[in-house]
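Chemist: My questions are about this predicted structure, shown below with the sequence.
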Amino acid sequence: MNGMITTPKRPTRQPLPTALDLEKIRDTFPALNQLVHGRPLIYLDNAATSQKPYAVLDALSRYYSRDNANIHRAVHQLGERATRDYEAARAVVQRFLNAARPEEIIFVRGTTEAINLVASSFGRKFVHAGDEIVISHMEHHSNIVPWQLLCEATGAVLRVVPIGERGEFLFDEYEKLLNPRTKLVSIVHVSNSLGTINPAKQIVEAAHRHGIPVLLDGAQAVPHMAIDVRTLDCDFYAFSGHKVYGPTGIGVLYGKTELLEAMPPYQGGGDMIASVSFAKTTYNVLPYKFEAGTPNIAGVVGLGAALEYVQALGQDAIADHEARLLRYATEKLQGVPGLRIIGTAEPKAAVISFVVDDPPISALDLGTKLDLKGIAVRTGHHCCQPVMERFGVPATARASFALYNTAEEIDRLAAALEDIVAEVAARAKPTGPALVDVPFPTASAESPVAAAAELAELFEFLNAWDERYQAVLEMGDKLPPLPAAFKSDANRVHGCQSTVHLAARKRPGTADVLEFLGDSDADLVRGLVAVLERLFSGQRASEILAFDVEGFFHRIGLDQHLTLGRRNGLAAMVQRVRRHAAAIVGQETAAVG
Ligand code: PMP
């Protein structure tokens, strides 16, 4: 049950000395003050998005309830006020980044759009076949894919700086990649999956020695440290408002004037033109050349309020507090048995990615079990699949801290993890049986429809997600372990974030009965495999194909609690079962295609 807490107030113990008045600060973030699954929320998913203070919520509400009008065009009062607030926020961002001029601040939807803008506009003008773009192995997908698209369109080549064992940027390797063909370097300032703070100034200096411009992806840097684009001397700097306590859907591209001037518009539309005729259109001056259409005015106003809020608290005080949180959390999490931190470079921002190896607990299970204890962390590949592949893990769990987090919350995270590890260790799974006597499961009823009715009846009694989750886990626990010989590549179900295998056969002595066994390293997914076995294993292939399995998962209320990635994983498992069924009834193309 989720609900707002009014009383009693959670005491905030502060064993870490901090210049921030945490109790007062936490009171200004209403979302922090609520129960999740009956426990006080501990929000540690700040690298994905941060919570918002009243300063931002009030600015949004004020804007919409008093000043709302379109900007730059109206002669009326509201239009003037909206324009004034919008441009005042640009000046706030300029000061926040220490940019030389307000025209160097372009409002965009977020870091992703900022990078796409540069890839598209700078790329169109300056990048040609055979040219090179340099990124690093620790980039977020939004600093990989736009460059791949550009390379596909132009014939340019993407070069990737490798990273070391601790998740550190390998500077010598970077320097080796710089050459006369390099047209742009685009590097993350702070890694979202590892926490590594990259040597941004030195990265820029090295590129500039070759006359190469540099874009810094500051999505994870801006919330944690003061940024001075003139000291960094970077050519572009990108960040998102929502990670720095501002609204979603708004972000900033900083660019040096001479580069922005030289680049063609990104999108065409209103506000970005000086004059339009069918014969020739001329473009507006900076920054409007890059702000086509009605912008996210409220978002800009909210972002301005967020940056002023951060500056009023003091960026050095925030950085200092978060550094202490990071040290404390690292020490506490290292004390959890079997837990391994991925990303231990120095210096590091307050982000801790981790896996539990012994007993092995999938990141998905860690995240789901922590959520049931009211603790929000992120699990998955964090939009950094190359980083996961570099460290040989499918996914990690990630706790990321913000200015409002406390040492007490870290104590509770560590204690919760210890409980989870102990609970999983206590029910360690037996190893698989010999291949010869594998018990293929028999369906729990005589048809998928009848089996579904039985399962639906069971789930009807379970209201809350934690009860349903528990029921699925228990089904997974009873799943017979898959013999190692079945864990082959051919049986691997791709498209799932965890490792999933599914081995199927036509039941010996029957014409059309499919039976299968499955397994996964994630308890939740084992549970879903068990549900699929109960529904389908031992059923006639034609009946499996006729059954509406998506509708069934919706009916029993499981799909709403699965992330998009999980739902895709479930869909991949269902598709695999259907493919086997289709093969039996000889309709392979119809079912798979
Ligand atoms: N770069 C990094 C390092 C990030 O952490 C993120 C968000 N996770 C992005 C880029 C993309 O930001 P947005 O989704 O706000 O555009």
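Modeler: Sure thing, it's come through. Residues are numbered from 1 along each chain as shown.

Chemist: from here on, contacts and neighbour counts on C-alpha atoms
Modeler: Noted.

Chemist: In this structure Arg505 contacts Phe516, no?
Modeler: Yes: counting by C-alpha atoms under 8 Å, Phe516 is a contact partner of Arg505 at 6.3 Å.

Chemist: between those two, who's got more neighbours?
Modeler: Phe516 (22 against 16; other C-alpha atoms under 10 Å).

Chemist: Okay, the more buried one and Ala450: tell me how far apart.
Modeler: In this view, Phe516 and Ala450 are 18 Å apart by C-alpha to C-alpha, to the nearest Å.

Chemist: With Leu528 instead?
Modeler: Counting by C-alpha to C-alpha, the gap from Leu528 to Ala450 is 18 Å.

Chemist: Neighbour count for these two, which is higher?
Modeler: A direct count of neighbours by other C-alpha under 10 Å for Leu528 and Ala450 places Leu528 higher, at 23 against 14.

Chemist: Excluding sequence neighbours, find me the nearest residue to the more buried one.
Modeler: Closest residue to Leu528 apart from its sequence neighbours, by C-alpha to C-alpha, 6 or more residues apart in numbering: Val472 at 6.7 Å.

Chemist: Got phi/psi on the one you found?
Modeler: phi -70, psi -40 (degrees, to the nearest 10).

Chemist: One more: the one 5 residues further on?
Modeler: When read as degrees, to the nearest 10, the backbone of Asp477 gives phi -60, psi -30.

Chemist: Over to Lys506?
Modeler: The phi and psi values for Lys506, taken as degrees, to the nearest 10, are phi -80, psi 130.

Chemist: The one 5 residues further on now?
Modeler: The phi and psi torsions at Ala511 (degrees, to the nearest 10) take the values phi -90, psi -30.

Chemist: Quick check: the gap between it and Pro441.
Modeler: From Ala511 across to Pro441, the span is 17 Å (C-alpha to C-alpha).

Chemist: Comparing those two, which residue is more hemmed in?
Modeler: The residue with more neighbours, out of Ala511 and Pro441, is Pro441; 17 against 12, by other C-alpha under 10 Å.

Chemist: Can you tell me which residue is spatially central in the protein?
Modeler: Nearest to the mean C-alpha position of the chain, counting by C-alpha atoms, centre = their mean, stands His382 at 4.3 Å.

Chemist: show me what contacts the nearest residue to it once chain neighbours are set aside?
Modeler: Using C-alpha to C-alpha, 6+ apart and skipping the chain neighbours, the partner closest in space to His382 is Ser193 (6.1 Å). Applying C-alpha atoms under 8 Å, 6 or more residues apart in numbering to Ser193 gives the contacts 138, 343, 351-353, 381-382, 384, 387, 398.

Chemist: picking up where we left off before, how near is the residue nearest to the centre of the chain to Ala397?
Modeler: Separation of His382 from Ala397 (C-alpha to C-alpha): 9 Å.

Chemist: just Leu215 next, same as before
Modeler: Leu215 is 28 Å from Ala397, where distance means C-alpha to C-alpha.

Chemist: and if you look at Val377?
Modeler: Val377 is 7 Å from Ala397, by C-alpha to C-alpha.

Chemist: Break this structure down into its domains, please.
Modeler: Per automatic domain parsing, the structural domains of the chain span 5-51+314-426, 102-296, 448-592.

Chemist: Of the ones you listed, which is nearest Tyr64?
Modeler: Checking the domains of the chain against Tyr64 by C-alpha to C-alpha gives domain 102-296 as the closest, at 11.9 Å.

Chemist: first to last residue in that closest one, what's the distance?
Modeler: Domain 102-296 has its terminal residues 17 Å apart, counting by C-alpha to C-alpha.

Chemist: and it, does that touch the ligand?
Modeler: Yes: part of domain 102-296 sits near the ligand under the criterion C-alpha under 6 Å from any ligand atom, namely 110-112, 140, 142, 188, 191-192, 217, 219-220, 240.

Chemist: Which pair of those residues spans the longest distance?
Modeler: Counting by C-alpha to C-alpha, the most remote pair of the residues of domain 102-296 next to the ligand is Gly110 and Ser191, 16.5 Å apart.

Chemist: quick one, which of these two is more surrounded?
Modeler: Neighbour tally, Gly110 and Ser191, criterion other C-alpha under 10 Å: the higher count belongs to Ser191, 27 against 21.

Chemist: My read is that the more buried one contacts Glu139, right?
Modeler: Yes: at 7.1 Å, Ser191 counts as touching Glu139 under the criterion of C-alpha under 8 Å.

Chemist: As a check, name the ranges of all helices in the stretch 151-300 of the chain.
Modeler: For the stretch 151-300 of the chain, the helices defined by DSSP state H, counting those that start in this stretch cover 171-177, 200-209, 229-232, 257-262, 297-313.

Chemist: in terms of contact, does Thr257 touch Glu104 like I think?
Modeler: Yes: counting by C-alpha under 8 Å, Glu104 is a contact partner of Thr257 at 5.8 Å.

Chemist: more neighbours, those two?
Modeler: More crowded of Thr257 and Glu104, by other C-alpha under 10 Å: Glu104, with 24 against 18.

Chemist: hang on, the more buried one packs against Glu258?
Modeler: No: at 9.5 Å, Glu104 does not count as touching Glu258 under the criterion of C-alpha under 8 Å.
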